[in-house]
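Asker: Sequence first, predicted coordinates after that:
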Amino acid sequence: MASADDVKKLAALARITLSEEEIDTFTKEFEGILAYVGQIESLSVTPEVNRAPAVRNVFREDGEPHEKGKYTEKLAAQFPERDGQYLKVKQIISHD
């Protein structure tokens, strides 16, 4: 059976302040909560219930979303500088 001291300790752990009236109320409710949680002990759980759900792929099938190179030239044409088939960019890493 839960006592008022148990409720006070629980309130301290939760960092809440309770009045004496609230302590009495929670002492009575504490027993009901423990009895409800105690019902878990009486459950009969079979391994089938605890197994992981079947693994399935939720992504699209692998493959080409469009033909290869379809947009390459269109994108490269908008680039400011090219050197043959390469696109030139400003150096961002120095070797100093």
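Answerer: Looks like it arrived, so ask away. Residues are numbered from 1 along each chain as shown.
Asker: Show the subsequent helix or strand relative to the helix or strand bottoming out on mean pLDDT in the chain.
Answerer: Every helix and strand of the chain was ranked by mean pLDDT, DSSP states H and E. The lowest is helix 47-50, at a mean of 60. Per DSSP states H and E, the first helix or strand lying C-terminal to helix 47-50 is helix 72-77.
Asker: Export that following helix to CSV, keeping only CA atoms.
Answerer: These are the backbone C-alpha positions of helix 72-77, laid out as CSV (Å, rounded to 0.1, in the frame of the first residue of the first chain):
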residue,chain,number,x,y,z
THR,A,72,22.8,17.2,-69.1
GLU,A,73,23.3,19.5,-72.1
LYS,A,74,20.4,21.8,-71.2
LEU,A,75,22.0,22.3,-67.7
ALA,A,76,25.5,22.6,-69.0
ALA,A,77,24.5,25.3,-71.5
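Asker: List the contacts of that helix.
Answerer: The contact list for helix 72-77, computed with Cβ atoms under 8 Å, 6 or more residues apart in numbering, reads 82, 87. All C-beta atoms are positioned from the backbone trio N, CA, C, and that covers glycine.
Asker: From residue 65, how far off is residue 10?
Answerer: From residue 10 across to residue 65, the span is 57 Å (Cβ to Cβ, to the nearest Å).
Asker: Comparing these two, which shows the higher neighbour count?
Answerer: Under the criterion of other Cβ atoms under 10 Å, the comparison of residue 10 against residue 65 puts residue 10 first, with 14 against 6.
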